[in-house]
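Asker: missing the sequence, but the structure's below:
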């Protein structure tokens, strides 16, 4: 969604920041729990139910490619965050309105969310 009140390069940077942040989060969800190989630990068995909770399996660690991908995406997030927050546009906005305008920029550049299911209609 375009908005004429924000410069195109700012909108582009914020849109890309959303994308990179999502890519980084998706990558991190696929990675082993420990960057370096590490032994896991057993969970604890509940004395009355016998259900085992907690604990972790051994972590093989991250591959060099995974480390590089994570570092690249994290670095891009930082650089885009700096570009967005230090953009010259913010100097033209009344100080009292900067936070509201920043939130508006985030909202108009946020990728469309999956629509919520209408519980009444689904029933």
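Answerer: Arrived safely, thanks for sending. Please read these numbers as outputs of a predicted model, since none were measured by experiment. Numbers count the residues shown, from 1 in each chain.

Asker: need the contact list for the most centrally placed residue in the chain.
Answerer: Nearest residue to the geometric centre of the chain (CA atoms, centre = their mean): residue 21, 3.9 Å. Taking CB atoms under 8 Å, 6 or more residues apart in numbering, we find residue 21 in contact with residue 77. The way it works is simple: take the backbone N, C-alpha and C, and place the C-beta from them, glycine included.

Asker: SS state for it?
Answerer: helix (DSSP: H, G, I helix; E, B strand; the rest coil).

Asker: check it and give its pLDDT.
Answerer: Per-residue pLDDT puts residue 21 at 96.

Asker: ok, residue 26 to residue 106 distance?
Answerer: Going from residue 26 to residue 106 by CB to CB, to the nearest Å gives 19 Å.

Asker: so those two - more neighbours on which side?
Answerer: residue 106 (13 against 10; other CB atoms under 10 Å).

Asker: and the strands in the protein?
Answerer: With DSSP state E as the criterion, the chain has strands at 44-45, 52-53.

Asker: how far away is the residue lying closest to residue 34 once chain neighbours are set aside from residue 81?
Answerer: Ranked by CB to CB, 6 or more residues apart in numbering and with sequence neighbours excluded, the top spatial neighbour of residue 34 is residue 59, at 3.7 Å. Separation of residue 59 from residue 81 (CB to CB): 29 Å.

Asker: cool, and residue 71?
Answerer: In terms of CB to CB, residue 71 sits 16 Å off from residue 81.

Asker: and residue 110, by the same measure?
Answerer: 15 Å.

Asker: more crowded one of the two?
Answerer: Counting neighbours by other CB under 10 Å for residue 110 and for residue 81 shows that residue 81 has the greater number, 15 against 12.

Asker: ok, for that one, nearest residue in space, not its chain neighbours?
Answerer: residue 17 (6.4 Å).

Asker: list the residues that contact the one you found.
Answerer: Residue 17 neighbours (CB under 8 Å, 6+ apart): 77, 80-81, 84.

Asker: compare the residues you listed and tell me which has the most neighbours.
Answerer: residue 84 (22 neighbours).

Asker: helices along the chain, start to end?
Answerer: 8-30, 64-85, 98-109, 119-122 (DSSP state H).
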